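Trainee: Pasting a predicted model and its sequence here:
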Amino acid sequence: MRIIAFSDTHRNPKKVRRLFEQTYLTTDLYICLGDTEGDLDGVVQLYPEKAVLNVAGNCDWGSKEPLVGTVEAMGKKIVYCHGHTQRVRFGLEGLTALAEQNGADLVLYGHTHVRRCDYIDGVYYINPGSLAYPRDFLAPSYAAIDIIPAGILCTHAELE
């Protein structure tokens, strides 16, 4: 199963559309990690057959989306959030507590605009970076996560 996680598009729906154009043939599930409010509307209509999950970010004022979501994929528990309420700018402690509370195998988060992948005590913590406004001096990015019988594989990919 292929999951594409992305975050922090901040009113840049063209980047979201380009991501879907480049990945929809090989993707089973898209997970949007916040600060994407309104940017998904067009692609959801263009690709109604694709599963898309979303959470609210700190800039998604008035959003009806939850702050934290969970989903199971091929027997792996995934927790996803924007990360601002877990204070990810100051470390991963809030995320590790969230993982423990939910029995997660994988935690996806955004907010920092910096791509990152950590493996702590059997749990993957993945930040895809920003699809529109990276702060790590690298190109706009997203995470491609493959869940296979042998485990979880993560790759950071750059938007073309």
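Mentor: Perfect, thanks for sending it.
Trainee: Beyond the helix or strand bottoming out on mean pLDDT in the chain, next helix or strand please.
Mentor: When each helix and strand of the chain is scored by mean pLDDT, DSSP states H and E, helix 41-46 comes last, with a mean of 92. Proceeding N to C from helix 41-46, the next assigned helix or strand is strand 51-54, under DSSP states H and E.
Trainee: I'd like the average pLDDT over that following strand.
Mentor: Mean pLDDT, strand 51-54: 97.
Trainee: what helices or strands is that strand leaning on?
Mentor: strand 29-32, strand 68-73 (3 or more CB pairs under 8 Å, 6 or more residues apart in numbering; DSSP states H and E). C-betas here are computed from N, CA, C, even on glycine.
Trainee: what about the helices in the protein?
Mentor: Assigned by DSSP state H, the helices in the chain fall at 13-23, 41-46, 93-102.
Trainee: winner for burial among those?
Mentor: Mean neighbour count (mean count of other CB atoms under 10 Å) peaks for helix 13-23 among these, with a mean of 18.
Trainee: so what secondary structure elements neighbour it?
Mentor: Identification of packing neighbours for helix 13-23 by 3+ CB pairs under 8 Å, 6+ apart yields strand 2-6, helix 41-46.
Trainee: would a markdown table of the helices and strands packed on strand 51-54 with distance to residue 81 and mean neighbour count be doable?
Mentor: Below are these laid out as a markdown table (distance: least, CB to CB, whole Å; neighbours: other CB atoms under 10 Å):
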| stretch | distance to residue 81 | mean neighbour count |
| --- | --- | --- |
| strand 29-32 | 10 | 24 |
| strand 68-73 | 5 | 16 |
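Trainee: Could you report the neighbour count for residue 151?
Mentor: Neighbour count of residue 151, defined by other CB atoms under 10 Å: 11.
Trainee: what pLDDT does it get?
Mentor: pLDDT, residue 151: 94.
Trainee: From residue 122, how far out is it?
Mentor: 11 Å (CB to CB, to the nearest Å).
Trainee: can I assume residue 117 is in contact with residue 153?
Mentor: No: between residue 117 and residue 153 there is no contact under CB atoms under 8 Å: 10.5 Å.
Trainee: hmm, back to that, and residue 139, which of the helices and strands packed on helix 13-23 is closest to it?
Mentor: Residue 139 lies closest to strand 2-6 among the helices and strands packed on helix 13-23, at 13.2 Å (CB to CB).
Trainee: That closest one pairs with which strands?
Mentor: strand 29-32 (parallel), strand 141-148 (antiparallel) (DSSP bridges).
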